[in-house]
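Engineer: Here is the input, now give the coordinates:
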Amino acid sequence: MSHDEVPQLLARTVVVTGGALGIGGGISRRFASDGDHVVLVDIDEAAANATAAEIEADGGRCSVLVGDITADDTVAALVALVESEHGHADVLVNNVGDFRPAKSFFAKSPPEQWRRLHELNLWHVFAVTHALLPAMIAAGGGSIINVSTVEAFRGIPGSAVYSAYNAGVSAFTKSLAVELGPSRVRVNAIAPDLADTPQTPAELMLAGRDPALLRSWLPAGRFGQPEDFSGVVAFLASKDAAFITGHTIPVDGGTLAASGWYGKAAGRGWTNMPDHA
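Structural biologist: Next up is the predicted model:
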């Protein structure tokens, strides 16, 4: 029996950063419903405890670590928690990421903003992976899934730094997968777009537009829900994906295939939504 088959028979330890709300919350709930023990890391204590309570009410298992995953002490606490309770992580999902804070134009953005975006979108992926990887290798293998963005693969006005760091996440995913192949650790990523979550609610994205216009621009005709993303992450961590490594899978309802960003017809600015103003 191969290593990739074993996790499907035995409960795995799955670490999810930013695992309380939105896409991260969906990922935490999905792995717990599949019988895995979720180690949920989040900066929002109330949201983390609420998600853990929901998981446990449904019969799942979840440990919570509250802290900023970009901070060294949180990473150290995570390693200590995983080693003391589980020995090692079988699956690591580096989910944390944010386009905020962001100025409209790079030329007006302060360097301290770039540093924070670096911590939120790229640095912590390195730090958490580096901290948990030795035990994963020693255990005989595992799976790492990073969360990038479709904006890593197309230009996004107003978020050049965010886009660049997420392109780094996808490049890191590809190169690390090659490096870790002999260690039986697979590394993949997903690239979401237009997720209806507390971070990016559909109402805010629509900004008064008619929701019916979505079908003229977004092939799937709707915004993504957390379950749309968590299902792909669960697949990438499963034995069904045992021969997939080094790839970033767009989970975007077809937006990369269909279109990009457009200058507004009337006035300065950009939109990636159906718009005539």
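Engineer: How about Glu151, nearest residue that isn't a chain neighbour?
Structural biologist: Excluding its sequence neighbours, the residue lying closest to Glu151 (Cβ to Cβ, 6 or more residues apart in numbering) is Ser163, at 4.6 Å. All C-beta atoms are positioned from the backbone trio N, CA, C, and that covers glycine.
Engineer: give the contact list for Val64.
Structural biologist: Applying Cβ atoms under 8 Å, 6 or more residues apart in numbering, we find Val64 in contact with 40-42, 48-49, 52.
Engineer: let's go with 7 Å and repeat that
Structural biologist: Residues in contact with Val64 (Cβ atoms under 7 Å, 6 or more residues apart in numbering) are 40, 48-49, 52.
Engineer: how about these, which pair is most distant?
Structural biologist: Pairwise distances across those (Cβ to Cβ) peak at 9.4 Å, for the pair Leu40 and Asn49.
Engineer: These two: which has the busier surroundings?
Structural biologist: Leu40 (29 against 16; other Cβ atoms under 10 Å).
Engineer: Please, which helix or strand holds the residue nearest to Glu151?
Structural biologist: helix 160-180 (DSSP states H and E).
Engineer: For that helix, name the packing helices and strands.
Structural biologist: Contacts defined by 3 or more Cβ pairs under 7 Å, 6 or more residues apart in numbering; DSSP states H and E place helix 160-180 against helix 111-118, strand 185-192.
Engineer: The contacts of Val64 into JSON lines, with extra columns for distance to Ile23?
Structural biologist: Shown next, in JSON lines, are the contacts of Val64 (distance: Cβ to Cβ, whole Å):
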{"residue": "Leu40", "distance to Ile23": "13"}
{"residue": "Ala48", "distance to Ile23": "15"}
{"residue": "Asn49", "distance to Ile23": "19"}
{"residue": "Ala52", "distance to Ile23": "17"}
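Engineer: Let's see which of those residues end up in strands.
Structural biologist: Leu40 (DSSP state E).
Engineer: between the contacts of Val64, which is nearest Leu256?
Structural biologist: Leu40 (29.6 Å).
Engineer: contacting residues for that closest one?
Structural biologist: Contacts for Leu40 (Cβ under 7 Å, 6+ apart) come out as 16, 19-20, 28, 48, 51-52, 62-64.
Engineer: what number of residues lie near Trp261?
Structural biologist: Neighbours of Trp261 (other Cβ under 10 Å): 14.
Engineer: How about Ile244?
Structural biologist: Per other Cβ under 10 Å, the neighbour tally for Ile244 reads 15.
Engineer: Just to be sure, it is in a strand?
Structural biologist: No. Counting by DSSP: H, G, I helix; E, B strand; the rest coil, one finds Ile244 to be coil, located in no strand.
Engineer: Report the separation between it and Leu176.
Structural biologist: 14 Å (Cβ to Cβ, to the nearest Å).
Engineer: confidence score at the closest residue to Val66 other than its chain neighbours?
Structural biologist: Counting by Cβ to Cβ, 6+ apart, Val66 lies nearest to Glu45, which is 4.5 Å off, once chain neighbours are set aside. As predicted, Glu45 sits at a pLDDT of 98.
Engineer: wouldn't Glu45 be in contact with Gly67 here?
Structural biologist: No. Using Cβ atoms under 7 Å, Glu45 makes no contact with Gly67, being 9.2 Å away.
Engineer: So between these two, which is more surrounded?
Structural biologist: Neighbours per residue (other Cβ under 10 Å) separate Glu45 from Gly67, with Gly67 holding more: 17 against 12.
Engineer: wait, what's in contact with that one?
Structural biologist: Going by Cβ under 7 Å, 6+ apart, Gly67 touches 41, 43, 74, 77.
Engineer: ok, now with 8 Å
Structural biologist: 41, 43, 73-74, 77-78.
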